[in-house]
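>>> Fold the following, please.
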Amino acid sequence: MDITSFDIKAYFDSLDPKRLEDMHTLFNMGQRITGEKPAVWGSILGFGKLHYRYPTGTQGFMPTLGFASRKQSLTIYPSLDVAQYEELKELGTFTHGKSCLYIKKLSDVRLDVLERIMRRGYQEALGYDFVTPVEY
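Just a heads-up that it's a prediction; the model follows:
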């Protein structure tokens with residue numbers, strides 16, 4: 001995955017109006033957590049850029065912290081293994097995959113807990129031995 005030429009304003013203009021406030025909240029959290037410049041990665045709004053190289057040889061680029069507005073939910077990409085986080089017990093109503101959280105609307109979760117999860121995932125990503133932060 002790589003950064004697209006889609007700008008942030010155009011990204012927000014393309015969102016479902018019902019999700020706009022939640023996405024602005026996530027955007028502000030991402031800026032506060034990372035201090036990184038935001039960029040659009042396909043349909044993901046990401047902060048920071050990492051180059052990853054797995055032991056298998058697979059490699060590429062990804063945002064250090066990202067989220068997206070999908071048809072069914074807000075999707076947040078905080079970690080490679082989100083299920084390990086004890087904080088999930090306090091979060092609220094959500095589902096998850098291996099590396100992402102699915103939240104229908106931010107009012108379904110505790111924002112303080114979500115921010116802790118996102119902050120923890122961001123810090124962990126910077127410490128993985130198979131990634132290198134990259135300037136963009």
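>>> ok, how many other residues are close to residue 81?
Residue 81 has 10 neighbours, counted by other C-beta atoms under 10 Å. In short, each C-beta sits where N, CA and C put it, glycine included.
>>> nope, residue 23 is what I was after
Counted with other C-beta under 10 Å, residue 23 comes out at 19.
>>> wait, doesn't it sit right on residue 75?
No: taking contacts as C-beta atoms under 8 Å, residue 23 lies outside contact range of residue 75: 11.0 Å.
>>> Now list whatever residues contact both of those two.
Taking C-beta atoms under 8 Å, 6 or more residues apart in numbering as the criterion, residue 23 and residue 75 both touch 67, 69.
>>> what's across from residue 47 in the sheet?
residue 38, residue 65 (DSSP bridges).
>>> Tell me, how many residues neighbour it?
Residues lying near residue 47 (other C-beta under 10 Å) number 22.
>>> Could you pull up the residues touching it?
30-31, 33-34, 36-39, 63-66, 122.
>>> separation between the nearest residue to residue 78 once chain neighbours are set aside and residue 105?
Residue nearest to residue 78 in three dimensions, not counting chain neighbours: residue 121, with 3.2 Å by C-beta to C-beta, 6 or more residues apart in numbering. Separation of residue 121 from residue 105 (C-beta to C-beta, to the nearest Å): 21 Å.
>>> so what does the lowest-mean-pLDDT helix or strand in the chain touch, helix or strand wise?
In the chain, the helix or strand scored least confidently by mean pLDDT, DSSP states H and E is strand 131-133, which has a mean of 77. For strand 131-133, the elements it packs on are strand 50-53, judged by 3 or more C-beta pairs under 8 Å, 6 or more residues apart in numbering; DSSP states H and E.
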